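Visitor: Sequence and predicted model, in that order:
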Amino acid sequence: MPEISPEQPITFSNLCLAEPLIKAITKMGYATPTPVQKKAIPLALEYKDLLVSAETGSGKTAAFLLPTLQNLISVPCKTIGTRALILAPTRELAQQIFNQCQQLLQFTDLRVGIITGGDDFRLQQNMLRRNTEIVIATPGRLLELMEQQTPNFTHLETLILDEADRMLDMGFSEDVLHIANSCNKQRQTLLFSATLTHFGVIKMADKLLTHYEIVALNTLHDGHRNIEQQIIVADDNNHKEKLLAWLLINDQYDKALVFTNSRLQADALRGPLRGQKLRVGVLHGEMDQKDRNRMMELYRNGDVNIMIATDLAARGLDIEGINLVINFDVPRNGINYIHRIGRTGRIDALGVTIALVKSTEWNLMSGIERFLKQSFKRRTIKELEGNYKGPKKLKASGKAAGIKKKETKKKDTTEKVKVRLRDKKNIGKRRTPSAQKTTESISNQTPTA
Ligand code: AMP
């Protein structure tokens, strides 16, 4: 590809993508590359191994698909077997990548296939035997097929691991390493993860990538500037149920996603909300694949506009129109929080996220705020104000004031000592400019000390 000078803005046209890809992205409405695309595409086009931190919603799928497809187009190849393999943690994410890939390939002769659990094993074997160039798979089912010797990755040109952190969290580490080790050793490897602060991700990158470059975007502390984050305190789960119903009835949104920490809680919320005539669906890992697909379809096309989900749905899902995310339960850690709220405020869209926090969750919630270095907006619903108002202000401010007082006292003393010592030393002496400067800086500090 031609060199792009640092001053030259990166556009889809100066990335010199093949005509069929340009035609496809134009049809898909992509006018300019997103930040992750600008950084990752030029490097990936040069067959570099990459470790990229980017979240769902940042355009990361096209950031790895476009250079991979471009490389497949520009070097036609007659070898047998798969040329590009993309591993994703969940069936839903694999399906999403598959859909986007199909759209990008619409003006090319390349073929893409999908391998996920819950679908026909034989059809998947046949697809692999036809030497489909691009395969998108979840690790479990792919390994089953590998046990039958069907896939052939000996000529694989690119291996992509999407949401590597999630794959590790789901216990796919061994499976992923096993698959990667059966692939052509000369391949290019692209590893995408929502976070680079996951120790396992770095370890995996060290095992699978060679001389790789890191593209760090959307680190956890970047914040989500297009998402308004709110907190509403609640007395208990009963109070939370009332608040939830109120919010879903009164707040403005196209689609809402409600997160619970357990399947039981997700199921328990469905009845009362349906009782309020709300169009509610539930999505969790204990449902069979057919039901999960049906639910996703209903939500995608808007037949249900409220989905209650466990963390299964927290990652990777890209459903248009989600502009309200409610944490019925506070997530167990900051990383899960990020993934949950990442379902809204995608690309340029605006979103609101609301956490319902009871007293036992307060510390967890403030831990998440500290982790993100953000303070979320406190909101109250007048009609449903409860008894719990957050940690007692008196106690909190007393405590905080106590710490401050101590610090102030300590600093005051030091300043006084400093000034006195200097004054003593300088008695009878004329002030030099530098001595004056010292005095000024001390006296400037004093009021703020
Ligand atoms: P992703 O982060 O890959 O899940 O992408 C989020 C959404 O952004 C998807 O619906 C993509 O189709 C869309 N998208 C990706 N790249 C662009 C782009 N350059 N311009 C506009 N939309 C994009």
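Guide: Yep, it's here. Numbering: from 1, shown residues only.

Visitor: And the most centrally placed residue in the chain, how far from the ligand?
Guide: In the chain, the residue lying closest to the centroid (C-alpha atoms, centre = their mean) is residue 55, at 3.5 Å. Distance, residue 55 to the ligand, using C-beta to the nearest ligand atom, to the nearest Å: 7 Å. For glycine as for every other residue, the C-beta is placed from the backbone atoms N, C-alpha and C.

Visitor: Likewise for residue 201?
Guide: Distance from residue 201 to the ligand, counting by C-beta to the nearest ligand atom: 18 Å.

Visitor: What ranges does the stretch 151-300 of the chain have for its helices?
Guide: For the stretch 151-300 of the chain, the helices defined by DSSP state H, counting those that start in this stretch occupy 164-169, 173-181, 199-208, 237-250, 263-275, 289-300.

Visitor: quick check, the last one touching the ligand?
Guide: No. Figure legend: helix 289-300 not in contact with the ligand (C-beta under 6 Å from any ligand atom); closest approach 11.8 Å.

Visitor: Packing partners of that helix?
Guide: Counting by 3 or more C-beta pairs under 8 Å, 6 or more residues apart in numbering; DSSP states H and E, the packing neighbours recorded for helix 289-300 are helix 91-104, strand 280-283.

Visitor: cutoff 10 Å now
Guide: If you count contacts as 3 or more C-beta pairs under 10 Å, 6 or more residues apart in numbering; DSSP states H and E, helix 289-300 packs onto helix 91-104, strand 255-259, strand 280-283, strand 306-309.

Visitor: Quick one: distance of that helix to the chain centre.
Guide: Centroid separation between helix 289-300 and its chain, computed with C-alpha atoms, centre = their mean, to the nearest Å, is 22 Å.

Visitor: repeat for the second one
Guide: Centre-to-centre, helix 173-181 and its host chain are 23 Å apart (C-alpha atoms, centre = their mean).

Visitor: what helix or strand does the residue nearest to the centre of the chain sit in?
Guide: Secondary structure from DSSP states H and E places residue 55 outside every helix and strand.

Visitor: how close does it get to residue 23?
Guide: 28 Å (C-beta to C-beta, to the nearest Å).

Visitor: which residues does the residue nearest to residue 108 when sequence neighbours are not counted contact?
Guide: Distance criterion C-beta to C-beta, 6 or more residues apart in numbering; nearest residue to residue 108, sequence neighbours excluded, is residue 20 at 4.6 Å. By C-beta atoms under 10 Å, 6 or more residues apart in numbering, the residues touching residue 20 are 69, 70, 73, 104, 105, 106, 107, 108, 109, 110.

Visitor: about what we covered before: dihedrals phi and psi, the residue nearest to the centre of the chain?
Guide: phi -100, psi 160 (degrees, to the nearest 10).

Visitor: Might one say that it is in contact with residue 227?
Guide: No. Using C-beta atoms under 10 Å, residue 55 is not in contact with residue 227, being 11.6 Å away.

Visitor: quick revisit: sort out which residues of the helix or strand hosting the residue nearest to residue 108 are buried, please.
Guide: Applying DSSP H and E as the criterion places residue 20 in helix 19-28. Neighbour counts over helix 19-28 (16 or more other C-beta atoms under 10 Å) mark 20, 21, 22, 24, 25 as buried.

Visitor: Stretch 70-84 too?
Guide: By neighbour count with 16+ other C-beta under 10 Å, stretch 70-84 contains the buried residues 70, 71, 72, 73, 81, 82, 83, 84.

Visitor: ok, residue 249 to residue 233 distance?
Guide: Counting by C-beta to C-beta, the gap from residue 249 to residue 233 is 20 Å.

Visitor: Neighbour count: these two, which is higher?
Guide: Neighbours per residue (other C-beta atoms under 10 Å) separate residue 249 from residue 233, with residue 233 holding more: 25 against 11.

Visitor: so who does that one touch?
Guide: 239-240, 243, 355-359, 361-362, 365, 378-380, 385-391.

Visitor: run the last query once more with 7 Å
Guide: Residues near residue 233 by C-beta atoms under 7 Å, 6 or more residues apart in numbering: 357, 388, 389, 390.

Visitor: Quickly list what it is bridged to.
Guide: Counting by DSSP bridges, residue 233 is bridged to residue 357.

Visitor: What about the contacts of residue 20, which one has the most neighbours?
Guide: residue 104 (28 neighbours).

Visitor: shouldn't that one be in contact with residue 24?
Guide: Yes. Using C-beta atoms under 7 Å, residue 104 makes contact with residue 24 at a distance of 4.9 Å.
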